[in-house]
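In: got a structure for you, letters missing:
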């Protein structure tokens, strides 16, 4: 089952994909359910409430007529992993513990939904605005001190995630802080695919494309810390809650093809680590993150407003 | 004006302190206002709506009959600063940029309210559970690219904050991650004091007491980065929102008095940096963070549940 959050034509709510192009509105098939995914996940039986309400003949809406929103809105925590693929560790030249995952947080406002614009900082602020294709793991059932062999029972499903990062800010000091939390700098979607449908994500791959050129591709089995071990680790200190998400980290850059001038010319790179095959995101770029068997998150990059004072 | 979030006797909502022991309920003097501080701050004129509704003769409730809650609930961002006092930098032996503040995030669930129990991890997980007395800055008015000389116009007010930290987890890898986000490991309160009442926090001091012994005391003018510069910095990348908070960092330990065996005996310390005058928090301790002229946040430490699997 693929669950979306949609908006448009004066409507908003949860939907379930009926096929590749259409969805049914949860509010129409199950008007007794709450209208946000976090609230549904908080119910006993969680997302199964939606599954049970599905039946043939429900009215189908065309996906292209609506906007997809980040379906988690404002959970308690959006966890993220740094340096969780050996290929990314190698290209950055950074070190990380092999015993404990490297964890930081992002705010809800740092993420947009599928097809919403990603905001590229104005060049006078930063130039190294980078994609990070990742698996997003959505918690379905609360738990504390979760054993590794029970961890996947706490996962509602998975999504594609672009953990967009502003490198100049990320390295201004020891903690990543603002560089991982620029306004609308990341994205997730297009949907939550339930865990039963995707199966074990270890068998899938993450792929990132910029303007059609594949820039990252790695099997998810290459992760240093897999989903069960990270779920278990976080729950040692923190009650994982329905609607929390974990961004599992990004792989390194693919070697650029011989004719790929942009990917080969590292003099065009402004970030702290320069590596062949890495390109920054610029206004107008189309960036895709695919998790195989799950779907493709696609966003166009737009220029953020100039760096002038404004009161919102 | 001092604004609280109260709960008890089947009621919950915002209150305004009438004197040291009583408060009036905002819902009774201004039933048209929303019932959460973030929603009030989001209104045009924000907290002034509450101020205008105050009048003599409103029913007063006794503070001691109610529980105080974290008054921000779930804002988009709870920012925090690492190493923002020279005395704390010196005692840790760590380095930090003098040009850019060191920023990380905490989740709402890592904080409790005034007089609610702080949770000490079970000793098999961690022993270096430390207080950090800090100034909390609450954003009132949204803004982006805020110039330093306009920054205080975006501040609704201030609070006392205990940025409780689990050192063993904080140092497991490069990013603080979980060690700064243990469940109910920190606190803020007892109230939001509006900026007009406190004035410039540079003229105040932060004081931390454990079981009546003063362990931290520093003028807020000792901060490496002051409130306006941090507000301005964050707004370069992020739209600061009403109800966001910034924890401004903690000072170093005071030298222990000659008869203070606990404070002098650094062999009792389990953390990564050992310094005279630092004591860890243990179940039963009473920990106070005072911001002078603002108030005292007081919490008793309780033992968190043992590290056994539970589904919440």
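Out: Received it, and whenever you're ready, just let me know what you need. It should be emphasised that the depicted structure is a prediction, and the values quoted were computed from it without experimental measurement.

In: which intervals of the stretch 201-312 of chain A have sub-threshold pLDDT?
Out: Judged against pLDDT under 70, the stretch 201-312 of chain A has no low-scoring part.

In: who touches whichever residue of it sits closest to chain B in this structure?
Out: With Cβ to the nearest Cβ as the measure, residue A:312 is the residue of the stretch 201-312 of chain A nearest to chain B, at 3.7 Å. The C-beta positions use only the backbone N, C-alpha and C, and glycine is treated the same way. Going by Cβ atoms under 8 Å, 6 or more residues apart in numbering or on different chains, residue A:312 touches B:142, B:143, B:144, B:239, B:241.

In: For chain A, which segments count as helices?
Out: Counting by DSSP state H, chain A has helices at residues A:26-29, A:37-42, A:48-53, A:86-92, A:167-170, A:195-198, A:227-237, A:261-264.

In: Quick one: closest of the ones you listed to residue B:177.
Out: Closest approach to residue B:177 among those (Cβ to Cβ): helix A:227-237, 8.6 Å.

In: Identify each buried residue in that closest one, please.
Out: Neighbour-count burial for helix A:227-237, counted by 16 or more other Cβ atoms under 10 Å in any protein chain shown, picks out A:227, A:228, A:230, A:231, A:232, A:233, A:234, A:235, A:236, A:237.

In: Now do it: which elements does it pack against?
Out: In terms of contact count using 3 or more Cβ pairs under 8 Å, 6 or more residues apart in numbering or on different chains; DSSP states H and E, helix A:227-237 is assigned the packing partners strand A:78-82, strand A:133-139, strand A:245-247.

In: Distance from the chain centre to the second one, please.
Out: Mean C-alpha position of strand A:133-139 versus that of the full chain (Cα atoms, centre = their mean, to the nearest Å) differs by 5 Å.

In: mind listing what it pairs with, with the direction of each?
Out: Taking DSSP bridges as the criterion, strand A:133-139 forms sheet pairs with strand A:155-162 (antiparallel), strand A:245-247 (antiparallel).

In: For my notes, please list those strands in TSV and give mean neighbour count for each entry.
Out: What follows is the strands paired with strand A:133-139, written out as TSV (neighbours: other Cβ atoms under 10 Å in any protein chain shown):
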stretch	mean neighbour count
strand A:155-162	26
strand A:245-247	26
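
In: out of those, nearest to residue B:33?
Out: Comparing those under Cβ to Cβ, the one sitting nearest is strand A:245-247, at 32.7 Å.

In: I'd guessed residue A:219 sits against residue A:205; true?
Out: Yes - counting by Cβ atoms under 8 Å, residue A:205 is a contact partner of residue A:219 at 4.9 Å.

In: So the two - more neighbours on which side?
Out: Using other Cβ atoms under 10 Å in any protein chain shown as the criterion, residue A:219 and residue A:205 rank with residue A:205 on top: 19 against 14.

In: residue contacts, that one?
Out: Residue A:205 makes contact with A:217, A:218, A:219, A:220, A:291, A:292, according to Cβ under 8 Å, 6+ apart.

In: Return the distance of the first one relative to residue A:253.
Out: Right, residue A:217. Distance, residue A:217 to residue A:253, by Cβ to Cβ, to the nearest Å: 10 Å.

In: what about those two, which has more around it?
Out: residue A:253 (20 against 16).

In: Not counting residues beside it along the chain, what's closest to the more buried one?
Out: Nearest residue to residue A:253, sequence neighbours excluded (Cβ to Cβ, 6 or more residues apart in numbering or on different chains): residue A:277, at 3.6 Å.

In: thought that neighbour was touching residue A:262?
Out: No - using Cβ under 8 Å, residue A:277 is not in contact with residue A:262; the gap is 9.7 Å.

In: Quick check: residue A:229 touching residue A:100?
Out: No - using Cβ under 8 Å, residue A:229 is not in contact with residue A:100; the gap is 10.0 Å.

In: Please report how far residue A:126 lies from chain B.
Out: 8 Å (Cβ to the nearest Cβ, to the nearest Å).

In: Could you check the pLDDT of that residue?
Out: What the model reports as pLDDT for residue A:126 is 97.

In: residue contacts, it?
Out: Residue A:126 sits next to A:166, A:167, A:168, A:169, A:270 when contact means Cβ under 8 Å, 6+ apart.

In: what's the most distant pair in the residues you listed?
Out: Maximum distance among those (Cβ to Cβ): 12.1 Å, for A:169 and A:270.

In: out of those two, which sits in the more crowded spot?
Out: The residue with more neighbours, out of residue A:169 and residue A:270, is residue A:169; 26 against 15, by other Cβ under 10 Å.

In: For that one, which non-adjacent residue is closest in space?
Out: Counting by Cβ to Cβ, 6+ apart, residue A:179 is the residue found nearest to residue A:169 once chain neighbours are left out, at 3.4 Å.
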